[in-house]
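Colleague: everything below, folded, please.
(one chain, ligands or ions: 3)
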Amino acid sequence: MSRKEETLGNVTILDKIKDAKIIFVVGGPGSGKGTQCEKVVAKYGYTHLSSGDLLRAEVGSGSERGKQLQAIMQKGELVPLDTVLDMIKDAMIAKADVSKGFLIDGYPREVKQGEEFEKKIGKPCLLLYVDARGETMVKRLMKRGETSGRADDNEETIKKRLDLYYKATEPVIAFYEGRGIVRKVDSELPVDEVFGQVSKAIDAL
Ligand SMILES: Nc1ncnc2c1ncn2[C@@H]1O[C@H](COP(=O)(O)OP(=O)(O)O)[C@@H](O)[C@H]1O
Ligand SMILES: Nc1ncnc2c1ncn2[C@H]1C[C@H](O)[C@@H](COP(=O)(O)OP(=O)(O)O)O1
Ligand SMILES: [Mg+2]
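Modeller: Numbering: from 1, shown residues only. Ligands and ions are numbered 1, 2, ... in the order given. From the prediction side, this is the model:
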């Protein structure tokens, strides 16, 4: 395929993505984003794309880029915006034909990420804000760390991730509140009750 055709091909695919529903799933580390997304996939058949999972897949591939990403994630820092946005975009394009909706989990983590996503891909119709107390998130992550094998589920990194969440990611919620698309769910409740709130937000779309 020539470069020109490829570009044309992408335009059509991006048009398809624009017709699908895009939901940002935002919340602190360990708040329960992944847990709720799994349930949404089962009930609504949406496509779940977790930026963290995409990055960990790259780390798992053992590539040079993966090694650099691993070092950043282990410190609890954010990887460069272009890297994560390209990964999400490629994953969305791969599913564009079959997906009626996308759950973008763990992105945007800063306002700039939201702005760039909208420039390059499209607009979200909903931001699901998965809310839990700091203390709860730390407890859940320490527990998850017993079995997750994740390099960032340890006390020191958890503290850094939480600090960064309050500093960089909470402003994302305020930004989209201005647009009226934020729905907050209380993730202190049992998983199924949280999902009841999530379902209401999605049913209202
Ligand atoms: N509502 C909840 N009540 C109790 N534990 C939960 C709840 N939601 C998630 N968890 C647990 O907390 C941990 C973190 O959840 P996860 O979905 O991985 O969060 P995130 O993707 O936001 O980091 C998991 O071990 C999960 O089983
Ligand atoms: N949108 C994004 N921008 C930059 N770094 C990201 C990112 N999403 C994930 N990362 C990196 C930094 C995070 O500390 C790490 C783990 O992310 P995650 O799996 O989404 O965590 P969690 O599900 O515990 O909230 O990956
Ligand atoms: Mg997660």
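Colleague: for the spatially most central residue of the chain, give me its contacts.
Modeller: Residue closest to the mean C-alpha point of the chain, counted by CA atoms, centre = their mean, is Asp105 at 1.9 Å. The contact partners of Asp105, by CB atoms under 8 Å, 6 or more residues apart in numbering, come to 25, 33-34, 37, 48-53. Where you see a C-beta, it was placed from the backbone N, CA and C, and this is true even at glycine.
Colleague: try it again with 7 Å
Modeller: 25, 33-34, 37, 48-51 (CB atoms under 7 Å, 6 or more residues apart in numbering).
Colleague: measure it to ligand 2 for me?
Modeller: According to CB to the nearest ligand atom, to the nearest Å, Asp105 and ligand 2 sit 7 Å apart.
Colleague: pick out the residue in this protein sitting closest to ligand 2.
Modeller: Gly52 (1.8 Å; CB to the nearest ligand atom).
Colleague: against Lys39, how distant is that residue?
Modeller: Look at Gly52 and Lys39: by CB to CB, to the nearest Å, they are 18 Å apart.
Colleague: so those two - more neighbours on which side?
Modeller: Gly52 (19 against 15; other CB atoms under 10 Å).
Colleague: if you skip the residues just before and after it, what's nearest to the more buried one?
Modeller: Nearest non-adjacent residue to Gly52, counting by CB to CB, 6 or more residues apart in numbering: Gly106, 5.0 Å away.
Colleague: let me know the pLDDT of that neighbour.
Modeller: Looking at Gly106, its pLDDT is 98.
Colleague: one more: Thr12?
Modeller: On the pLDDT scale, Thr12 is placed at 66.
Colleague: lowest-scoring secondary structure element of this protein by mean pLDDT?
Modeller: helix 3-19 (a mean of 62; mean pLDDT, DSSP states H and E).
Colleague: what lies in contact with the helix or strand following it?
Modeller: Later in the chain than helix 3-19, the nearest helix or strand by DSSP states H and E is strand 21-27. Contacts with strand 21-27, where a contact means CB under 7 Å, 6+ apart, come from 33, 37, 100-105, 107-108, 122-132, 169, 172-173, 187, 205.
Colleague: what of stretch 55-69?
Modeller: Residues contacting stretch 55-69 (CB under 7 Å, 6+ apart): 70, 73, 79, 84.
Colleague: one more: stretch 111-125?
Modeller: Contacts of stretch 111-125 (CB under 7 Å, 6+ apart): 17-18, 21-24, 81, 85, 89, 92, 107-108, 171-172, 175, 181, 205.
Colleague: just the buried ones out of those, please.
Modeller: For the contacts of stretch 111-125, a burial check counting by 16 or more other CB atoms under 10 Å picks out 17, 21-24, 81, 85, 89, 92, 107-108, 172, 175, 181.
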